[in-house]
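Peer 1: Here is my input; please provide its structure:
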Amino acid sequence: MRARLASVFILIFLSYKAYTQVLVGPVAGFNYSWTSFGDKDLKSQYRVTPVMGYHIGGHLAFKVRKRFFLHTSLIYSTKGKDMTRRGKDVSNDPEGLALKLKYNYIEMPLVYTAYFKGTIGTKSFKYSLGIGPNVSYWLGGKGTFENGDTHEFHGGDSYVIPVKIKFGKDPATAQENDMVIQHPNRIQLGLNFTAGFLFEPARDREMVLTLRYELGHSYLSRESNGVFGPEFRSFSETQKIRNQGFRISLAYLIDLKVEERKKGKSTIDRRRPK
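Peer 2: Residues are numbered from 1 along each chain as shown. Here you go, the predicted structure:
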C-alpha cells in the first residue's frame, strides 16, 4: 500500500504540464487527534481524550483554474487516543482502565481549495477554504495499558504495561506486551475540511498555513477486537472506532513553472507590434 500511495503521488507530480502553476516543497505540523466509537453505548462507558502528534512529508499544489488549487501531500503521521473507564478507579477497581495508544500512518490527503483575497488596512493577503478525501495506511502503533488485572498481577511501578500493536496474528498467541488485531482495516478513508492562509515571503515562493479537520469514515476493524496478553484477557478493545482530529500544517513551496511563464511572456512581448 505504501508503494501504491507513492505511485499515485509520483503520477500526479509527472502530470504537472497540464497545470499553469505547480508548487512543491516540504510540509510539517502538529496533530490533535482522538477516536470515536461506532457503538453509542460505549461512549457513556469510556472517556476518550485527544493526544498530540505530528506529521512530516512532501507537498504539491496545482493551479486548476483561477483561484482554485488542488493540494496533496504524502506524509508520515502519528495519531492516537487516551481512554479511561468512566467512574472507575484503575488502581483499585477491577473494571478500571487506562489505555494510551499512538498510531502511525502514511497518509495522502487530496484537498480542492478555493483562495480569496482579503485586506487588513493597506496590506492584502489570501485565505482559503477546502474539502477533499484523506487516504491513510495504518503502519502500526504502541502505547501503555493499565487495568485492575495489571495492578493485581504486577507490583511496584510495573502495573503500567507497555504494549505494541501486532496485525494478522492469532489472538491466542498474544504475549504480555502485545495488542493483537487479527483482521485490521489498514487502508482507511476520511474527509478533510480545511481553512488556511497564504504568505509570499519571496518571489515565486509561498508559505501555506493550513488548519485541517479530519472526519474519519473507516473503522480500524469491523471484524476484530484488540486482544491483550493471556494475563489480561478480561478486557479487549473494540476496533469499531474512527480517527478524528485537527492538524495544523506549514508548507514552504517553490513554483516549478515560473520559468515557463516567463518564456511565454517574453515571446508575446517580442511579437507585439511596435
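
Peer 1: Which residues belonging to stretch 79-87 are considered buried?
Peer 2: Using 16 or more other CB atoms under 10 Å as the test for burial, stretch 79-87 gives 79-85. Every C-beta, even on glycine, is put in place using the N, C-alpha and C of the backbone.

Peer 1: Just the CA trace of that stretch, in CSV.
Peer 2: Extracted in CSV, the C-alpha atoms of stretch 79-87 (Å, rounded to 0.1, in the frame of the first residue of the first chain):
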residue,chain,number,x,y,z
LYS,A,79,-2.5,9.9,15.8
GLY,A,80,-3.9,8.3,18.9
LYS,A,81,-6.1,8.5,22.0
ASP,A,82,-6.1,8.4,25.8
MET,A,83,-9.0,6.3,27.0
THR,A,84,-10.3,5.7,30.6
ARG,A,85,-13.3,3.9,32.1
ARG,A,86,-15.8,6.5,33.5
GLY,A,87,-16.4,6.3,37.2
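
Peer 1: among the buried residues of stretch 79-87, which are in strands?
Peer 2: Applying DSSP state E to the buried residues of stretch 79-87, the entries found in strands are 79-85.

Peer 1: Closest one of the residues you listed to L97?
Peer 2: Checking these against L97 with CB to CB, the nearest one is R85 at 4.2 Å.

Peer 1: and the residue lying closest to K81 once chain neighbours are set aside, what is it in contact with?
Peer 2: Of all residues not flanking K81 in the chain, T35 sits nearest, at 4.7 Å (CB to CB, 6 or more residues apart in numbering). For T35, the contact set (CB atoms under 8 Å, 6 or more residues apart in numbering) comprises 48, 81, 83, 216, 220, 241-244.

Peer 1: Most neighbours among those, which one?
Peer 2: N243 (27 neighbours; other CB atoms under 10 Å).

Peer 1: Could you check how far the spatially closest residue to that one that is not a sequence neighbour is from R205?
Peer 2: Excluding the flanking residues, the one nearest N243 by CB to CB, 6+ apart is G216, at 4.1 Å. Here the criterion is CB to CB, to the nearest Å. By it, G216 lies 34 Å from R205.

Peer 1: give me the beta-bridge partners of the spatially most central residue of the chain?
Peer 2: By CA atoms, centre = their mean, the chain has its centre lying nearest to S77, at 5.3 Å. For S77, the beta-bridge partners are H55, Y105 (DSSP bridges).

Peer 1: buried ones in stretch 170-182?
Peer 2: Buried residues in stretch 170-182, counting neighbours by 16+ other CB under 10 Å, are found at 171, 174, 176, 178-182.
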